[in-house]
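Engineer: A predicted structure for the sequence below; I have some questions about it.
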Amino acid sequence: MTTENSPPLETAEAAVQAHSAGLRRELGLFDLVLAQILLVIVPDFFGTAVKAGPAHVVLWLAAMLLFFIPLALIVAHLNRLMPLEGGLYEWARLAFNDQIGFLVAWNLWLFIMLYVAVIGLVTTTFLAYAVPSLGWMADSRWAVLAASVVLIALQVLLASIGFGIGKWFNNAGSIAVLITVAVLVGLPLVNASHGAPAFHPLRLVAPPLTVFTLSVFSKMTFGALSGFEYVAIFAGESRNPARNIGRSILITAPVIALIYIFTTSAILAYVSPDAVDVIGPIPQALRRGFGNFGAVMVPVAIFLLLANYLSTFSLYFSGSARLPMAAGWDHLLPAWFSRLHSRHKTPVNSILFLGGATLAASVAALIGVGEQEAYELLLTWGFTFYGIAYLALFAIPLLAPKASGIRPRPGLRVAAASGFFVTLLFVALSIFPIIDVASSWRYSLKIAVVVLGANLLGWTIYRAGRNSATKLA
């Protein structure tokens, strides 16, 4: 292990760049743009936004002002200064110290492990919507488990092959979601021309000031609009990352904002807030929108959306596997995690370890709860871990030592403060369910115990490693 204090910024950056030289630079600007769309547009949170009803437009606009724009500015600033493989993990380690960097990577890794663990639940739900005769799959734990085993194994295989092939799968998933939301947004417009109620996607309705509204807002804000920093994990595998990652943010930000607002409005044209399926809100709306005339179109649209999900999981999975690799470079984990495949130059040991942990999480979440509650638990656990990492992201411009050269001008620090407090709101309210659960207090207790216990475990792993390294020295 290294010492608690970070090495000088220039020395540490040079060391990371030296390790990154063994990686393949497969990602260009076009790939990064599609990757941003894939990562930031999270179909899960359309269902959450629908829970806000007609007030969603006001909540989306507030979320973009208070969180989305600050995030874009901060990520562009930090990536320009530190275009390093490992992204946020390296930014936090170099701004503060090894311990904070390790805990940031730990929370990011846990987030992906739990988020990808919903892959079986999502797939069986979408298949049930696409093929009515398979409706039984969404309620069968054995079907969900079988889907999880097969799909996680495929994630491991694709991540091991690397971006030479994987980027095309990811690009196809991004294009698939663009096609799907275009169809969904166009559907109420077409129906309105045939006598259906008028479609008003930009209607401004003031939200009620309740804890439920705050909970929905925090989940819409952080859950749906986070992700710009994630592409930076692949800086060592990108061409000209200091320039192209920032450009990918500038190109995609306005597109993503419009997609979230218009798609949520389109879903609400067919599904009421109290009847929305939080696992598959878009398939649910498509089936109702097409009605008896969607025997062909609905399954096609649903399969396109499923392709987007699987591609998103793949990209997240690949990024998470890079975190132990980078931590191994910095001697915060055994070198075993940094070992690269001789041909594909991917961290194959880290990928296998992540695959096993993800499968274990997908099985554990199905014990003792219904499918919707299992999905919401996994999603909330995962994004709460992500929120903790984001607190460090927004703390860097505010608290990094002046001598490091990382702290930005006052305007960006104000943006960072806004992002920090919105993220803190999300983390604090994550224990409140937005769906009907068997026991609200038991649900809240599960969230709190897992998040606190996991971070205590991460801290223990870090301290044990440091003590072991000190004894060997």
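Structural biologist: That came in fine, so what should we check first? Numbering: from 1, shown residues only.
Engineer: helix or strand with the lowest mean pLDDT in the chain?
Structural biologist: The helix or strand with the lowest mean pLDDT-type score in the chain, counting by mean pLDDT, DSSP states H and E, is helix 9-20 (a mean of 75).
Engineer: ok now it, how far from the chain's centre?
Structural biologist: The chain centroid and the centroid of helix 9-20 are separated by 27 Å under C-alpha atoms, centre = their mean, to the nearest Å.
Engineer: what's next to that helix, contact-wise?
Structural biologist: Residues from elsewhere that reach helix 9-20 (C-beta atoms under 8 Å, 6 or more residues apart in numbering): 6-7, 82, 84-86, 90, 93-94, 235-237, 326, 329-330, 338, 404-406. From N, CA and C alone the C-beta is placed, and that goes for glycine too.
Engineer: narrow the residues you listed to those that are buried.
Structural biologist: Burial by neighbour count, 16 or more other C-beta atoms under 10 Å: within the contacts of helix 9-20 this picks out 6-7, 82, 84-86, 90, 93-94, 235-237, 326, 329-330, 338, 406.
Engineer: can you tell me which of those residues end up in helices?
Structural biologist: Counting by DSSP state H, the buried ones among the contacts of helix 9-20 place 90, 93-94, 326, 329 in helices.
Engineer: before we move on, which element is the closest residue in space to P201 that isn't next to it in sequence in?
Structural biologist: Residue nearest to P201 in three dimensions, not counting chain neighbours: S265, with 3.6 Å by C-beta to C-beta, 6 or more residues apart in numbering. Using DSSP states H and E, S265 sits in helix 241-268.
Engineer: helices or strands next to that helix in the packing?
Structural biologist: In terms of contact count using 3 or more C-beta pairs under 8 Å, 6 or more residues apart in numbering; DSSP states H and E, helix 241-268 is assigned the packing partners helix 29-40, helix 44-50, helix 56-63, helix 69-81, helix 163-192, helix 281-290.
Engineer: most packed of those?
Structural biologist: Greatest average neighbour count among these goes to helix 44-50 (a mean of 26), per mean count of other C-beta atoms under 10 Å.
Engineer: so what touches that one?
Structural biologist: Outside helix 44-50, the residues within contact range by C-beta under 8 Å, 6+ apart are 56, 59-60, 216, 219-220, 223-224, 260, 263-264, 267-268, 271, 273, 276-282, 379, 434.
Engineer: that older thread, what about the helix holding S265, distance to the chain center?
Structural biologist: When C-alpha coordinates are averaged (C-alpha atoms, centre = their mean), helix 241-268 and its chain have centres 14 Å apart.
Engineer: one more: stretch 58-65?
Structural biologist: On the basis of C-alpha atoms, centre = their mean, stretch 58-65 is displaced by 19 Å from the centre of the chain it belongs to.
Engineer: which regions of this protein sit below the pLDDT cut-off?
Structural biologist: Across the chain, the ranges flagged by pLDDT under 70 are 1-9, 12, 138, 191-199, 279, 292-296, 365-376, 432-440, 443, 467-473.
Engineer: correct me, but N170 touches L34?
Structural biologist: Yes: counting by C-beta atoms under 8 Å, N170 does reach L34; the two are 6.8 Å apart.
Engineer: hang on, A257 packs against M64?
Structural biologist: Yes: taking contacts as C-beta under 8 Å, A257 lies within contact range of M64: 5.5 Å.
Engineer: who has more neighbours out of the two?
Structural biologist: Under the criterion of other C-beta atoms under 10 Å, the comparison of A257 against M64 puts M64 first, with 21 against 18.
Engineer: now do the contacts for that one.
Structural biologist: When the contact criterion is C-beta under 8 Å, 6+ apart, the partners of M64 are 225, 257.
Engineer: any idea how far stretch 315-329 is from the middle of the chain?
Structural biologist: Using C-alpha atoms, centre = their mean, the offset of stretch 315-329 from its chain centre is 14 Å.
Engineer: these two touch, right, G289 and Y270?
Structural biologist: Yes: judged on C-beta under 8 Å, G289 makes contact with Y270 at a distance of 5.0 Å.
Engineer: list the residues that contact both of the two?
Structural biologist: P188.
Engineer: is D274 in a helix, a strand, or coil?
Structural biologist: Secondary structure of D274, reduced to three states by DSSP: H, G, I helix; E, B strand; the rest coil: coil.
Engineer: now it: how far from F212?
Structural biologist: According to C-beta to C-beta, to the nearest Å, D274 stands 12 Å off from F212.
Engineer: these two - which one has more neighbours?
Structural biologist: F212 (15 against 9).
Engineer: give me the element that one is part of.
Structural biologist: Of the helices and strands defined by DSSP H and E, F212 is found in helix 211-218.
Engineer: can you tell me which helices and strands that helix packs against?
Structural biologist: Using 3+ C-beta pairs under 8 Å, 6+ apart as the contact test, the elements touching helix 211-218 are helix 56-63, helix 410-429.
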